[in-house]
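> For reference, the sequence and a predicted model appear below.
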Amino acid sequence: MPLRLLKYALSRKHPAPRFFRDCTEPKKSYDAVIIGGGGHGLAAAYYLAKDHGITNVAVLEKGYIGGGNTGRNTTIVRSNYLTPEGVNFYDASVKIYEGLSEELDINLFYSTRGHFTLAHTESALRTMRWRAEVNKHVGVDSYVVGPDEISKACPQLDISCSGKAPIVGALYHGPGSIARHDAVAWGYARGADSMGVEIFQNTEVTGLDIQSGKIKGVHTSRGYIATNKVLSAVAGFTPRITNMAGVDTPIVIHPLQACVSEPMKPWLDTILVSGSLHVYVSQSSRGELVMGSSLDPYEVHSTRSSLDFVEGLTSHMLDMFPFLSNVKIVRQWAGMADMTPDFSPIMGTTPVEGFYLDAGWGTWGFKATPISGKTMAATMANDQAPELIKPFRLSRFEDYDLTGEKGAASVGH
Amino acid sequence: MKLLTCPVNGTRPLSEFVFGGEMRNMPDPAQASDSAWAAYVYNRTGAPGLKKEWWFHSPSGTWFVAERNTLTDQVARTYLYGQEDKA
């Protein structure tokens, strides 16, 4: 690597290294079109090419790749969910993540930290025990710990939370990790591109061509593209795309905000989540505290930030870590979370033949990036969803067969 | 601070209000098919636009209707249920 850097420095030209081709002219038709160049869409393109040999694929991105919720989340990867369906699914994702840096030949800064979900009340602790038992049953490393073990892992934490909400225990999840989110999108983009997938940035889908219940193509800002298979992987823009397809869903959009502090020397090894205090926090590899909270309380299709959020979040942060009172917040932002009534995603086929949905990712999408890409690629290739994601089918709402994950949402939504 | 106008109490800070979701018409449970009823229970108009919504002014216990653009977050008007014509 240093030799390559030296050669680059001494050469007269200094071209910016590209991760994927700069495509601007789409072909007339593709075997498959993926709407949305975030982690999920790019991973689906990568696995379509790698697992199923379908390489004549276009990925259409309205902005730039990884610029949506892929680049706006707080990068936590974990599988300590509440339902066996959810635990199995997210565990498969964690397993792919663990080997992904090597597979994609890019440093994802994948860092396994251990993850504590703090309980401040007996009833919260009961949910932790429930989750621990479901996790153990499925073979995922989770168990309930007491305040002493939490203090040992994070001595800086005020266990009494300034006397307001004393911590009585926690669900500990060993595989809990953080990763560099942009690199996940870039890695999948480069991998897909190298196998022939074409990625179009600044390309907006303006309509879907559906004839007698079958998808025939997409209208875009770069012209019409014919195709028999379309995947929508657009997170907060999902209702706009499903509107074009005439498919009804339960999805509503709420902003989810996050912020980072100024960088500090490393002091926080673990990932801490408090449902009662509406806080999740980890320290990034650059030393910033990455912090998030619960959803904004009402529907807005916008990524504006608010002072209310920072005030609320930091007051709870100070309950947990009083010594942070002089630390500054340097950046805040928001993403549009596509929320479902049962806090599980919506994945698989739809009433429109050839139109596939990878949506309802709300506040839990980043951790599922690899497995959702893999399973959605399989769904597109076989026109049938694999067993692993059948519990997340759109028709579960018609059958009253929901997969209730609310108890495991990272903060009390 | 964001503000919202309660039809009874006037303009108040948004922190006094609770969002009650989209205003929807319930189909007749005796007449509706199972799938129409499931659609009523779960499906929502998720796309952005001007929508009628339920809002609750918490200190006074007042439920009312707001017409709000969910893309720009601008409230066009608010009124008590059934008093749309007077608004």
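Perfect, I can see it now. Because the structure is predicted, anything quoted here is derived from the model rather than measured. Numbering: from 1, shown residues only, chains lettered A, B, ... in the order given.

> pLDDT below threshold where in the stretch 201-350 of chain A?
Under the criterion of pLDDT under 70, none of the stretch 201-350 of chain A is flagged as low confidence.

> So which residues on it come close to chain B?
Residues of the stretch 201-350 of chain A found near chain B (Cβ under 8 Å from any Cβ of the partner chain) are A:238-240, A:242-243, A:248-253, A:297-302, A:304, A:308, A:338, A:341. Just so you know, the C-beta spots here come from the backbone N, C-alpha and C atoms, and that holds for glycine as well.

> If burial is judged by neighbour count, which of these pass?
Among these, those buried by neighbour count (16 or more other Cβ atoms under 10 Å in any protein chain shown) are A:238-240, A:242-243, A:248-253, A:298-302, A:338, A:341.

> what residues are up against the residue most central in space within chain B?
Geometric centre of chain B, nearest residue: B:E53, 1.5 Å, by Cα atoms, centre = their mean. Residues touching B:E53, when contacts are defined by Cβ atoms under 8 Å, 6 or more residues apart in numbering or on different chains, comprise A:299, B:19-23, B:65-68.

> Chain neighbours aside, what residue packs nearest to the residue of chain B found nearest chain A?
Using Cβ to the nearest Cβ, the point where chain B gets nearest to chain A is B:G46, with a distance of 3.0 Å. Nearest-residue entry for B:G46: A:P239, 3.0 Å, with adjacent residues in sequence omitted and distances by Cβ to Cβ, 6 or more residues apart in numbering or on different chains.

> can you check B:T78 too?
B:A66 (4.6 Å).

> Quickly list what that neighbour is bridged to.
Taking DSSP bridges as the rule, B:A66 bridges to B:E53, B:T78.

> does it really touch B:L4, like I thought?
Yes - using Cβ atoms under 8 Å, B:A66 makes contact with B:L4 at a distance of 7.1 Å.

> Comparing those two, which residue is more hemmed in?
Using other Cβ atoms under 10 Å in any protein chain shown, the more surrounded residue of B:A66 and B:L4 is B:A66, with 23 against 18.

> How much space separates whatever residue of the stretch 51-200 of chain A ends up closest to chain B from A:V234?
Closest approach of the stretch 51-200 of chain A to chain B (Cβ to the nearest Cβ) occurs at A:K62, with a separation of 14.6 Å. A:K62 sits 8 Å away from A:V234, going by Cβ to Cβ, to the nearest Å.

> quick one: which of these two has more around it?
Each of A:K62 and A:V234 has its neighbours counted (other Cβ under 10 Å); A:V234 has more, 30 against 19.

> mind listing what that one touches?
Listed by Cβ under 8 Å, 6+ apart, the contact partners of A:V234 are A:35-36, A:38, A:41, A:68, A:240-241, A:359.

> For it, which non-adjacent residue is spatially closest?
Using Cβ to Cβ, 6+ apart and skipping residues adjacent in sequence, the residue nearest A:V234 is A:G36, 4.1 Å away.

> Do I have it right that the one you found meets A:V230?
No - A:G36 lies out of contact with A:V230 (Cβ under 8 Å); the separation is 10.7 Å.

> List phi and psi for A:S274.
When read as degrees, to the nearest 10, the backbone of A:S274 gives phi -130, psi 110.

> Burial check on it, number of neighbours?
The number of residues packed near A:S274 is 27, by other Cβ under 10 Å.

> In this structure it contacts A:M320, no?
Yes - using Cβ under 8 Å, A:S274 is in contact with A:M320, at 6.9 Å.

> what's the overlap in contacts for B:A66 and B:L4?
With Cβ under 8 Å, 6+ apart applied, the overlap between the contact sets of B:A66 and B:L4 consists of B:55, B:75, B:78.

> got CSV for the residues you listed, with neighbour count and pLDDT too?
Shown next, in CSV, are these (neighbours: other Cβ atoms under 10 Å in any protein chain shown; pLDDT from 0 to 100):
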residue, neighbour count, pLDDT
B:W55, 24, 98
B:V75, 16, 96
B:T78, 20, 97
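
> just the helices in chain B please.
Listed in chain order, the helices of chain B (DSSP state H) span B:34-42.

> any weak-confidence spans in it?
In the predicted model of chain B, residues B:87 satisfy pLDDT under 70.

> The most centrally placed residue in chain A: what's it in contact with?
When chain A is reduced to its mean C-alpha position, the nearest residue by Cα atoms, centre = their mean turns out to be A:F366, at 1.6 Å. For A:F366, the contact set (Cβ under 8 Å, 6+ apart) comprises A:39, A:69-70, A:73, A:75-77, A:181, A:184.

> most surrounded residue in the residues you listed?
The most neighbours, when the contacts of A:F366 are compared by other Cβ under 10 Å, belong to A:G39, which has 33 neighbours.

> is it true that it touches A:A179?
No - here A:G39 does not reach A:A179: they are 10.3 Å apart, not a contact under Cβ under 8 Å.

> For the closest residue to A:T375 other than its chain neighbours, list the residues it contacts.
If you skip the residues right next to it in sequence, A:T375 has A:I389 as its closest partner in space, 4.7 Å away by Cβ to Cβ, 6+ apart. For A:I389, the set of contacting residues under the criterion of Cβ under 8 Å, 6+ apart consists of A:89, A:347-348, A:372, A:375-376, A:379.

> what's the distance between A:I389 and chain B?
Using Cβ to the nearest Cβ, to the nearest Å, we find A:I389 at a distance of 19 Å from chain B.

> go on, A:V330?
To chain B, A:V330 is 24 Å away according to Cβ to the nearest Cβ.

> for that residue, phi and psi?
Main-chain torsions, A:V330, degrees, to the nearest 10: phi -110, psi -20.

> what's the answer for A:A233, then?
Reported as degrees, to the nearest 10, the phi and psi values for A:A233 are phi -130, psi 70.

> repeat for A:Q384
In this entry, A:Q384 is assigned phi and psi values of phi -160, psi 140 (degrees, to the nearest 10).

> circling back to that earlier point, could you tell me which of the residues of the stretch 201-350 of chain A next to chain B belong to strands?
Among these, the members falling in strands are A:252-253, A:338 (criterion: DSSP state E).

> contacting residues for residue 60?
Picking chain A for this. Under the contact definition (Cβ under 8 Å, 6+ apart), the residues listed for A:L60 are A:33-37, A:200, A:203-205, A:218, A:220.

> Oops, wrong one, chain B.
Under the criterion of Cβ under 8 Å, 6+ apart, the neighbours of B:S60 are B:6, B:8-9.

> what's the spacing between it and A:P297?
Distance, B:S60 to A:P297, by Cβ to Cβ: 19 Å.

> can you give me the helices in chain A?
With helices called from DSSP H, chain A shows them at A:2-10, A:39-52, A:84-98, A:100-104, A:122-138, A:147-153, A:181-194, A:238-245, A:307-320, A:369-382.
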